[in-house]
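Trainee: would you be able to build a 3D model of this:
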Amino acid sequence: MNAALSLLLFASLIFGLSVSAKEFTSSKTMSFQGDGENWSGIFTVEIPDGEITQAGKLKYKGQDLDSLGRVLCTFETAAGKIIAESLLAGTSTDAPVGEKGTIESIGIGGNKSLMSKTEVVKVTVKWNGRSESFNLHKQ
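Mentor: Presented below is the predicted three-dimensional model:
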């Protein structure tokens, strides 16, 4: 009986430690989405115990992708900004690989406390002498 009780206590201790370890190493993912007149966007944030990873993606809603030229986009959170500038994916041989008509930006780092409090990501897009700003809202 003592052996069974000892085994049960040992198993409970191991299970408790594994649950605590999962909670300690689990990461939090936040997602933001929204639309402007010409663009739609999504922004995700992964907040693990290590460095924060932020990824933004914009898709042009129009049809004439080749006329846009280089696109500059800024994703701004409470913890800072990430910026990308390139041709839209799939528009020419010099353009990045990816879903046609999109531009992506990835950033690493940031203040976890400020990032956790972010409710809105402000997006600014500039292309071909035009500019548009809109918000992505927390999902």
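
Trainee: for residue 28, name its beta-bridge partners.
Mentor: Here residue 28 shows beta-bridge partners residue 47, assigned using DSSP bridges.

Trainee: so that it lines up with my notes, have the first residue be 772 from now on.
Mentor: Yes, from this point I'll number from 772; that puts the last item at residue 799.

Trainee: these two touch, right, it and residue 818?
Mentor: Yes - in this structure, residue 799 is within contact of residue 818 by C-beta atoms under 8 Å, at 4.4 Å. No exception for glycine: its C-beta is placed from N, CA and C like everyone else's.

Trainee: between these two, who's got more neighbours?
Mentor: Neighbour comparison, residue 799 and residue 818: the larger count goes to residue 818, with 17 against 12 (by other C-beta atoms under 10 Å).

Trainee: which ones are touching that one?
Mentor: By C-beta atoms under 8 Å, 6 or more residues apart in numbering, the contact set of residue 818 is 798, 799, 800, 801, 883, 886, 887.

Trainee: any of the residues you listed buried? List them.
Mentor: Neighbour-count burial (16 or more other C-beta atoms under 10 Å) applied to the contacts of residue 818 gives 801, 883, 886.

Trainee: circling back to that earlier point, who touches both of residue 799 and residue 818?
Mentor: Common neighbours of residue 799 and residue 818, counting by C-beta under 8 Å, 6+ apart, are residue 887.

Trainee: so what's the residue count around residue 889?
Mentor: When neighbours are counted by other C-beta under 10 Å, residue 889 registers 19.

Trainee: on that earlier part again, for the contacts of residue 818, which one is nearest residue 907?
Mentor: Minimum distance to residue 907 across the contacts of residue 818 is 10.7 Å, recorded for residue 801 (C-beta to C-beta).

Trainee: now, which of the buried ones among the contacts of residue 818 sits nearest residue 862?
Mentor: Nearest to residue 862 among the buried ones among the contacts of residue 818, counting by C-beta to C-beta, is residue 801 at 30.0 Å.

Trainee: skipping adjacent residues, who's closest to that closest one in space?
Mentor: For residue 801, ignoring the flanking residues on the chain, the nearest one in space by C-beta to C-beta, 6 or more residues apart in numbering is residue 816 at 4.4 Å.
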